[in-house]
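Novice: sequence and predicted structure, then a few things I'm wondering about:
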Amino acid sequence: MIRQMIVLAAVMLSSLAFAQEREYVIVVHGGAGAMTGVEADPVRSARYYAALDSALMIGDKILSEGGEGTEAVLAVIHYFENNPLFNAGVGATCTAEGTFELDAAIMRGEDLSAGAVAGLKLVKHPIDAAYAVMTKSEHVMLSGAGAEAFAREQGLDMVEDNSYFATPKTMKWIEELKRESKKNGTVGCVVLDKRGNLTAGTSTGGMFKKRWGRIGDAPVIGAGTYADNNSCAVSCTGHGEYFIRHAVAFNLCARYKYLRESLEQAADHIIHTELNTNAGNGGLIAVDKNGNFAMPYNSGGMFRGFLYKEKGNPEVKKGCGIGTKIVVVGE
Ligand code: ASP
């Protein structure tokens, strides 16, 4: 009898958990860094809040209609790559030579399929090239001229000249190249879709003044990008060398899966303990298979936003942040 009651209680608890489960979740980031200047400036911060909100709404439209996580991640990152506010696509930071070299990755948690590209100079949307590597090749990562030849072969949009990615802001940075200065960032998107599939995507211009074909963490599967339906989807931003050394994205999934830490515990540990003690500056966004999400950072701030819908509740909840404060937007 007692045993039956325990079983009944367990069933009730699990159905309660099921009833509270999130139908779909989308989390985005637009890079981590100092941010104090942006936060203190109402005009500039409003621009970022609006852009983050637009990105979330693009994802919401796709996910609410039952679209796949990969579709949402691609559309959101496309939007960021077209927006000069962010260090991805147009608006990307420059190399020490004053050129633009772009990296991107996408990973699907359902079957661990992944695609990544590095050092692109002429592909309009690096995230499309990453997706093509995932879906149209037997490889995971392509770089430089080879990656571009592949993108051409796949009929992806190409730009005529590398200066397509320049903006008045980056032109000023090119003038400042001789001065010591740091201008980084990255964009990312993680999704749990209605089918329970997790997807992660990241796109970046990399680190300001990078040299010698330097590749950061964003396209390195397991470092800046990772997704596994058995644990979580993760996209990182920050000083890529540290994120590679700590295999941050996979590290988070492994802590969650093997140590059974909560998503928040695992993400906080990596960002605030592992990375911080090594001076690895940055943050990450992550969503787990149950729809929990985390957005920790150890820098001055991180452009970030979340949106989710509970099962059986028509209301969509969303918020965006630059510093510690999360602002509910668009309502
Ligand atoms: N993680 C990127 C890289 O190292 C840069 C950034 O997110 O700020 O290339």
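Specialist: All right, it came through fine.
Novice: for the ligand, what are the nearby residues on the stretch 1-150 of the chain?
Specialist: Neighbours of the ligand within the stretch 1-150 of the chain, by CB under 6 Å from any ligand atom: G31. C-beta coordinates here come from the backbone N, C-alpha and C atoms, glycine included.
Novice: quick one: low-confidence parts of this structure?
Specialist: 1-20, 178-183, 329-331 (pLDDT under 70).
Novice: which strand runs longest in this structure?
Specialist: Taking DSSP state E as the assignment, the strand of the chain that covers the most residues is strand 22-33.
Novice: so which elements touch it?
Specialist: Secondary-structure packing of strand 22-33 (3 or more CB pairs under 8 Å, 6 or more residues apart in numbering; DSSP states H and E): helix 42-64, helix 69-82, strand 187-192, strand 232-238, strand 282-288, strand 301-310.
Novice: what's the angle between the helix or strand that the shortest one is followed by and strand 22-33?
Specialist: Yep, that's strand 187-192 we're talking about. Moving toward the C-terminus from strand 187-192, the next helix or strand (DSSP states H and E) is strand 198-204. Between strand 198-204 and strand 22-33, the angle comes out at 20 degrees (axes from the mean of the first three to the mean of the last three CA atoms, to 10 degrees).
Novice: which residues are contacting the following helix or strand past strand 198-204?
Specialist: On the C-terminal side of strand 198-204, the closest following helix or strand by DSSP H and E is strand 225-227. Applying CB atoms under 8 Å, 6 or more residues apart in numbering, the contact partners of strand 225-227 are 105-109, 112, 114, 116, 188, 190, 198-202, 218-219, 232-236, 249-250, 252-253.
Novice: cool, and stretch 314-326?
Specialist: With CB under 8 Å, 6+ apart as the criterion, stretch 314-326 contacts 35-36, 38-39, 45, 48-49, 52-53, 56, 60, 64, 295, 300-310, 327-330.
Novice: residue of the stretch 1-150 of the chain with the smallest distance to the ligand?
Specialist: G31 (5.5 Å; CB to the nearest ligand atom).
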